[in-house]
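Peer 1: how would this look folded up:
(one chain, ligands or ions: 1)
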Amino acid sequence: MSDDKALTPRSEDFSAWYNEVIMRARLADYSPVRGCMVIRPEGYAIWEQMQQALDGMFKDTGHENAYFPLFIPQSFLALEADHVEGFAPQTAVVTSAGGKELEEPLVVRPTSETIIYAMLAKWVQSWRDLPVLLNQWVNVVRWEMRTRLFLRTTEFLWQEGHTAHATQGEAEAEARLILGLYRRFMEEWMAMPVLTGAKTDSERFAGAVRTYALEALMQDNRALQAGTSHYLGQNFAKAFGVSFQTAEGGLDHVWSTSWGVSTRLIGGLIMTHSDDAGLVCPPRLARYQVVIVPIYRSDEQRSSVVEAGQHLRQELADAGIRVHLDDRDGMKPGAKYYEWETRGVPLRLELGPRDLEAGTVVMARRTGGKEPIPMAGAAAAVQAALEGFHRQLFEAARARREANSLRGADRAAFLEFIEGPGGFVYGGWCGSSACEAEIKTETKATIRVLPDEEFRSPTPPTTCLWCASPSVAEAVWAKAY
Ligand SMILES: [Zn+2]
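Peer 2: The predicted model follows:
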């Protein structure tokens, strides 16, 4: 599409709008291989910011990065029964290489539990070798029929954490620790509010005892599973023979966890904040937090305004702000504004001859509103504005989520809501997977989480919203990506 044509509005076709935002902001493009995605520099810069923040949090909590191979012997997958059942239909398998048939086919990793446990069996002997707190930043392949940029692609980038512990309690605490850490990242970096809680058995990771998840509500009122943290019990340890001598001299299998977030988060970021003018990027993840646009008519004006812009850029950069001076000649300021808006830059500073005389610069927010600020001390003002911008995005997203949540629903209210505007529906659940499946078949809505206490309704529901049997837990339903 041409770069000056308006985007399809969200209200008209959300899916078309989403793709256009990505293409226009040059975040990603379609690959010659169906279902794969090329992440362009603008998109990869966001991923790098995400990686940096998360990696710091993992290391602060004692985790180490490592690398395990892309190829996994096919027989490994079969060792954990639920795991193979969950992943086998999605695997890509290499059967020949170097011009010869392989003796054993190799699976391109869909996730790395199996190969990591095969190695832990070798490395862990005693309680002194525990805990093992590993993470890796890699690509994985899961064959997908219907793909969407960032949200669902055959190959994607992620981090996968894998930990092994001497006790059940430690492993459970680890799974919860990571859930909290992911939540902090999603709120404090992505400005994306999330619900946390446990998945039901039918939505659990293949091979896990319990799966915790973070769920966000997108602007089209569909839920996005933004991350998961699994308590694996001893399932993989038993399948791969990862046992250790306990401090008391006995023998036990390790207790483990795995957890991951992926480039899908970029899709979540887009669908949470962006608008009909294009991408809106939260400041802490933006490649450029600020763009300075010089305004001039003559060559003489140009040299003084650009020079002042260079000083301003330096001052902001020295304060740790990611800033770009757009001094491209032969392009009107309005065209630059438009371009940086579609690319999601949080703040724009407009600097013209009259501003120079007055000792001011005009600060414009991506989400609307602009005012002059004094040049002296501009870095502090910009810093404050970036923080304010983050808070504004988060509050707006939370208010939107709450406005699109229905609590205490009965069957009729649930159906009307889910077939109508959609959103999060809080209601009682009888605990039966048959009931859950029936709802899914009839409405396509699934239980996103059994929410953690702070997200539950003040008055717990007493009956299942579908079958009216006694409720065993409050659940949150939505149609999901
Ligand atoms: Zn029921």
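Peer 1: and the helix or strand bottoming out on mean pLDDT in the chain, how far out from the chain's middle?
Peer 2: In the chain, the helix or strand scored least confidently by mean pLDDT, DSSP states H and E is helix 81-87, which has a mean of 76. Distance of helix 81-87 from the chain centroid (C-alpha atoms, centre = their mean, to the nearest Å) equals 25 Å.
Peer 1: and for that helix, what are the contacting residues?
Peer 2: 77-78, 110-111, 113-114, 142, 205-207, 235-236, 239 (C-beta atoms under 8 Å, 6 or more residues apart in numbering). Heads up, the C-betas are built off the backbone N, CA and C, glycines and all.
Peer 1: from those, which would you call buried?
Peer 2: 77, 110-111, 113-114, 142, 205-207, 235-236, 239 (16 or more other C-beta atoms under 10 Å).
Peer 1: Now, those residues that are in helices?
Peer 2: Within the buried ones among the contacts of helix 81-87, residues falling in helices by DSSP state H are 77, 113-114, 235-236, 239.
Peer 1: Pull out the buried positions in the longest helix along the chain.
Peer 2: Secondary structure of the chain read by DSSP H shows that its longest helix is helix 378-403. Buried residues in helix 378-403, counted by 16+ other C-beta under 10 Å: 378-379, 382-383, 385-386, 389-390, 393-394, 397-398, 400-401.
Peer 1: again with stretch 437-455
Peer 2: Counting neighbours by 16+ other C-beta under 10 Å, stretch 437-455 gives 439-440, 443, 445-452, 455 as buried.
Peer 1: Quick check: closest non-adjacent residue to Pro89.
Peer 2: Trp143 (7.8 Å; C-beta to C-beta, 6 or more residues apart in numbering).
Peer 1: what about the closest residue to the ion within the stretch 201-350 of the chain, how many residues close to it?
Peer 2: Residue nearest to the ion within the stretch 201-350 of the chain: Ser202 (13.3 Å; C-beta to the ion). Neighbours of Ser202 under the rule other C-beta atoms under 10 Å: 11.
Peer 1: what's the closest non-adjacent residue to it?
Peer 2: Ser433 (5.2 Å).
Peer 1: what about that neighbour, neighbour count?
Peer 2: 12.
Peer 1: got the residue ranges for the helices in the stretch 51-200 of the chain?
Peer 2: For the stretch 51-200 of the chain, the helices defined by DSSP state H, counting those that start in this stretch cover 74-77, 81-87, 113-123, 168-188.
Peer 1: Return the most buried member of those.
Peer 2: helix 113-123 (a mean of 20; mean count of other C-beta atoms under 10 Å).
Peer 1: Show me what it is packed against.
Peer 2: Where contact means 3 or more C-beta pairs under 8 Å, 6 or more residues apart in numbering; DSSP states H and E, helix 113-123 is packed against helix 74-77, strand 132-141, strand 155-165, helix 235-240.
Peer 1: what lines up beside the longest one in the sheet?
Peer 2: Yep, that's strand 155-165 we're talking about. The strands beside strand 155-165 in its sheet (DSSP bridges) come out as strand 132-141 (antiparallel), strand 255-262 (antiparallel).
Peer 1: Can you tell me what sits against the shortest one?
Peer 2: The contact list for strand 255-262, computed with C-beta under 8 Å, 6+ apart, reads 54, 111, 113, 117, 156-168, 170-171, 174-175, 178-179, 182, 185, 205, 208, 226-234, 236-237, 242.
Peer 1: To what extent is Asn9 buried, counted in neighbours?
Peer 2: One correction, residue 9 is Pro, not Asn. Neighbour tally, Pro9, other C-beta under 10 Å: 12.
Peer 1: show me the contacts for the residue nearest to Tyr67 when sequence neighbours are not counted.
Peer 2: Residue nearest to Tyr67 in three dimensions, not counting chain neighbours: Gln136, with 5.6 Å by C-beta to C-beta, 6+ apart. Taking C-beta under 8 Å, 6+ apart, we find Gln136 in contact with 65-68, 112, 159-160.
Peer 1: Let me know the angle separating the longest helix of the chain from helix 168-188.
Peer 2: Here helix 378-403 runs at an angle of 110 degrees relative to helix 168-188 (axes from the mean of the first three to the mean of the last three C-alpha atoms, to 10 degrees).
Peer 1: picking that back up, the contacts of helix 81-87: which ones sit near the ion?
Peer 2: The subset of these within reach of the ion, by C-beta under 5 Å from the ion, is empty.
Peer 1: Show me which of those is closest to Arg287.
Peer 2: Nearest to Arg287 out of the contacts of helix 81-87 is Arg142 (C-beta to C-beta; 28.1 Å).
Peer 1: my guess is Arg264 contacts Phe150, does it?
Peer 2: Yes. Counting by C-beta atoms under 8 Å, Phe150 is a contact partner of Arg264 at 6.0 Å.
Peer 1: residues touching Gly267, list them.
Peer 2: 18, 148-151, 224, 481.
Peer 1: Mark which of the buried residues of stretch 437-455 are part of helices, please.
Peer 2: Among the buried residues of stretch 437-455, the ones falling in helices (DSSP H) are 439-440, 443.
Peer 1: Output those residues as TSV; include the columns pLDDT.
Peer 2: Shown next, in TSV, are these (pLDDT from 0 to 100):
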residue	pLDDT
Ile439	97
Lys440	97
Thr443	97
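Peer 1: now these in a markdown table, with distance to the ion?
Peer 2: Putting these into a markdown table (distance: C-beta to the ion, whole Å) gives the following:
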| residue | distance to the ion |
| --- | --- |
| Ile439 | 8 |
| Lys440 | 12 |
| Thr443 | 14 |
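Peer 1: and the nearest residue to Arg210 once chain neighbours are set aside, how many neighbours does it have?
Peer 2: Nearest residue to Arg210, sequence neighbours excluded (C-beta to C-beta, 6+ apart): Tyr231, at 4.5 Å. Burial measure for Tyr231: 24 neighbouring residues, criterion other C-beta under 10 Å.
Peer 1: Leu195 versus Tyr231, what's the distance?
Peer 2: Distance, Tyr231 to Leu195, using C-beta to C-beta, to the nearest Å: 19 Å.
Peer 1: which residues does the residue of the stretch 151-300 of the chain found nearest the ion contact?
Peer 2: Nearest residue of the stretch 151-300 of the chain to the ion: Thr200, at 11.8 Å (C-beta to the ion). Contacts for Thr200 were tallied using C-beta under 8 Å, 6+ apart; they are 433, 436, 447, 450, 475.
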